[in-house]
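Visitor: Pasting the sequence and the predicted coordinates here, then a few questions.
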Amino acid sequence: MPRTRQPELTRAALLAAASTVLREQGASLSLDAVARVAGVSKGGLLHHYPTRDALLRALGTALIDDFRQRLNAAHAAELAAHGPARGAWLRAYIALTFTPDEDGQALHAALAPLAGHPALLAGLSEAQAFLLTEPEHDGLPAGTAHAIRLACDGYWMGDLTGLPRLSDTQVHALRETLTAWTR
């Protein structure tokens, strides 16, 4: 990577390289491998991310930010199609949950073994706080809203945890039921 005075671009390139290394090597990601893929020196990498945990935490935050942007876009599309009806945010959440994203799944699977790392999880919980507040502002009873979101999360996490996969018929029934609960 050519030297740049645009640290945001360098950090983005380093996170992209970390994603690539995670997909290829899994949780055994090394800073040397990330620097090599990014085309920077290890010192250049350490300038932006002084530790492996700092790099992984930044990558986790970037994944959350990307998800939130996709969720906001899906919510905007739901509002454009149906107006500001109750349950619109959760319908967008359901839509994203049931839309295949093999690249995202591979990256999350690579990060999953690191979930027990307190340093990695430190800022991720705060970055995901919107998952507790947004459903409650969607016009549904709080318990229903959280049940829908948690059912989506459980479905999505199934691949990462090795749970048996639902059949296509079961997936369709689950999605339809959750969507019906939003109305």
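Guide: Yes, it's here. Being a predicted model, the structure only gives us computed values, none of them experimental. Residues are numbered from 1 along each chain as shown.

Visitor: Which single helix of the protein contains the most residues?
Guide: Across the chain, the helix with the greatest residue count (assigned by DSSP state H) is helix 52-82.

Visitor: Can you list the buried residues in that helix?
Guide: 52, 55-64, 67, 70-71, 74-75, 78 (16 or more other Cβ atoms under 10 Å). C-beta coordinates here come from the backbone N, C-alpha and C atoms, glycine included.

Visitor: Tell me where the chain has helices.
Guide: 7-25, 31-38, 42-48, 52-82, 88-97, 102-111, 118-121, 124-127, 130-133, 142-161, 168-181.

Visitor: chain center to the fourth one, what's the gap?
Guide: Spelled out, it's helix 52-82. Per Cα atoms, centre = their mean, to the nearest Å, the displacement of helix 52-82 from the mean C-alpha position of its chain is 6 Å.

Visitor: angle of it against helix 7-25?
Guide: If you take axes from the mean of the first three to the mean of the last three Cα atoms, to 10 degrees, helix 52-82 sits at 100 degrees to helix 7-25.

Visitor: give the contact list for the closest residue to T61 other than its chain neighbours.
Guide: Spatial nearest neighbour of T61, excluding adjacent residues (Cβ to Cβ, 6 or more residues apart in numbering): A127 at 5.2 Å. When contacts are counted by Cβ atoms under 8 Å, 6 or more residues apart in numbering, A127 touches 60-61, 64-65.

Visitor: In a markdown table: these, plus distance to D138 and pLDDT.
Guide: Formatted as a markdown table, the contacts of A127 follow (distance: Cβ to Cβ, whole Å; pLDDT from 0 to 100):
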| residue | distance to D138 | pLDDT |
| --- | --- | --- |
| G60 | 25 | 84 |
| T61 | 24 | 86 |
| I64 | 19 | 86 |
| D65 | 21 | 90 |
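
Visitor: And those residues, which is closest to T10?
Guide: T61 (16.5 Å; Cβ to Cβ).

Visitor: The closest one reaches S125, doesn't it?
Guide: No: counting by Cβ atoms under 8 Å, T61 does not reach S125; the two are 10.9 Å apart.

Visitor: hmm, back to that, next, work out how far apart the residue nearest to T61 and L63 are.
Guide: The spacing between A127 and L63, counted by Cβ to Cβ, to the nearest Å, is 9 Å.

Visitor: what do you get for A92?
Guide: A92 is 18 Å from L63, where distance means Cβ to Cβ.

Visitor: ok, now T177?
Guide: 28 Å.

Visitor: Same question for I94.
Guide: Distance of I94 to L63, computed by Cβ to Cβ: 19 Å.
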